[in-house]
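1. Here you go, sequence then predicted model.
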Amino acid sequence: MKKLNLDEFLRKLEKVTALEEIHGLTLGLRDHYKIDHVVYHWVSADGDQYGFGTYPPKWVQHYVDKEYLRIDPVVIGCFQGAHPVNWKRLDWRSKAARQFQVDAIAHGIGNQGYSIPLRGPNGQFAVFSVSHTCSDDVWEAFTAEHQRDLVLIAYFLNQKALELEKNRVPEATRPLSPREVDALTFLAMGYGRAQVADMLSISEHTLRAYIESARFKLGASNTIHAVAKALADGHIIVGGAARDSVGGWPGRDTHSGH
């Protein structure tokens with residue numbers, strides 16, 4: 001496979017003035033690499049999903065309707081880490097995750113994937129993914145050969161998305177500690193304080209201290225307000241796709257190239 005001319009790609013990306021133009025570039029990447037899909041997926045903390053790529057619109061709408069953002073091991077795994085991941089190395093043990101995988105493959109997403117987590121200012125979080133249908137050995141060879149190019153492409157795509165969508169980046173807030181993030185995340189998922197304390201193996205008194213500390217950092221008036229601000233500012237993510245949200249989603253429009 002011919003090595004991608006990154007200079008040419010970056011020159012074209014630099015001239016882009018609208019997301020629709022980036023979509024055309026993702027089609028070109030897909031065709032160059034001879035893979036099934038290339039997708040950039042910006043996940044806002046409130047569940048709004050935004051991006052561009054080659055996923056079939058039918059799958060994209062199905063993903064939103066099923067609220068798969070809540071259980072997608074790719075999104076969860078990338079949010080929890082900082083390094084590129086092979087999808088086979090993510091946690092697919094739960095019944096929900098396995099069913100999601102079967103559903104995705106049935107919609108033509110591919111049985112192999114490679115995703116790069118991206119983080120920008122003030123809690124911005126996105127994922128750049130490529131996927132294909134092939135054997136494990138073929139995919140390992142592909143990612144080993146092209147991972148450096150893919151990381152660069154992901155970085156510059158994210159920079160362009162931030163440039164075009166400045167209003168989507170929230171105002172800065174003080175960073176929360178890992179324990180504060182855990183506490184607010186479980187509360188946002190609907191668990192009671194006693195359950196959260198048990199899951200974190202701490203006392204309710206200690207949990208209260210974490211919550212109060214997070215509340216102070218976020219400038220929140222109470223716990224509910226703290227959870228809402230943590231979601232809005234990108235400190236925590238629990239899913240909940242916004243079906244009627246303004247903006248695109250990878251492949252959601254009719255220009256999927258399929």
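-> Received, thanks.

2. Would you quantify the distance from Leu231 to Trp42?
-> As for Leu231, its distance to Trp42 is 15 Å (criterion: Cβ to Cβ, to the nearest Å). All C-beta atoms are positioned from the backbone trio N, CA, C, and that covers glycine.

3. which parts of the strand or helix carrying Gly24 are buried?
-> Assigned by DSSP states H and E, Gly24 falls within helix 19-33. Under the neighbour-count criterion of 16 or more other Cβ atoms under 10 Å, helix 19-33 has 19, 22-23, 25-30, 33 buried.

4. which element follows the longest helix belonging to the chain toward the C-terminus?
-> What stands out as the longest helix in the chain, according to DSSP state H, is helix 136-164. Counting by DSSP H and E, the next helix or strand C-terminal to helix 136-164 is helix 178-188.

5. Keeping just the C-alphas, turn that following helix into CSV.
-> Output in CSV follows, covering the C-alpha atoms of helix 178-188 (Å, rounded to 0.1, in the frame of the first residue of the first chain):
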residue,chain,number,x,y,z
PRO,A,178,-9.8,11.3,40.0
ARG,A,179,-11.9,10.5,43.1
GLU,A,180,-14.1,13.6,42.6
VAL,A,181,-14.7,12.5,39.0
ASP,A,182,-15.6,8.9,40.1
ALA,A,183,-18.0,10.2,42.7
LEU,A,184,-19.8,12.6,40.4
THR,A,185,-19.9,10.1,37.6
PHE,A,186,-21.6,7.5,39.7
LEU,A,187,-24.1,10.1,41.0
ALA,A,188,-24.8,11.2,37.4
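
6. which secondary structure elements does that helix contact?
-> If contacts are counted by 3 or more Cβ pairs under 8 Å, 6 or more residues apart in numbering; DSSP states H and E, helix 178-188 sits against helix 193-200, helix 204-218, helix 223-232.

7. Name the stretch among those that sits most buried.
-> Counting by mean count of other Cβ atoms under 10 Å, helix 223-232 has the highest mean neighbour count of the helices and strands packed on helix 178-188, with a mean of 20.

8. Report the inter-axis angle for it versus helix 204-218.
-> Interaxial angle of helix 223-232 relative to helix 204-218 (axes from the mean of the first three to the mean of the last three Cα atoms, to 10 degrees): 60 degrees.

9. that's a helix at His41, yeah?
-> No: counting by DSSP: H, G, I helix; E, B strand; the rest coil, His41 falls outside a helix, being strand.

10. what's across from it in the sheet?
-> In this entry, His41 is beta-bridged to Gly51, Val127, by DSSP bridges.
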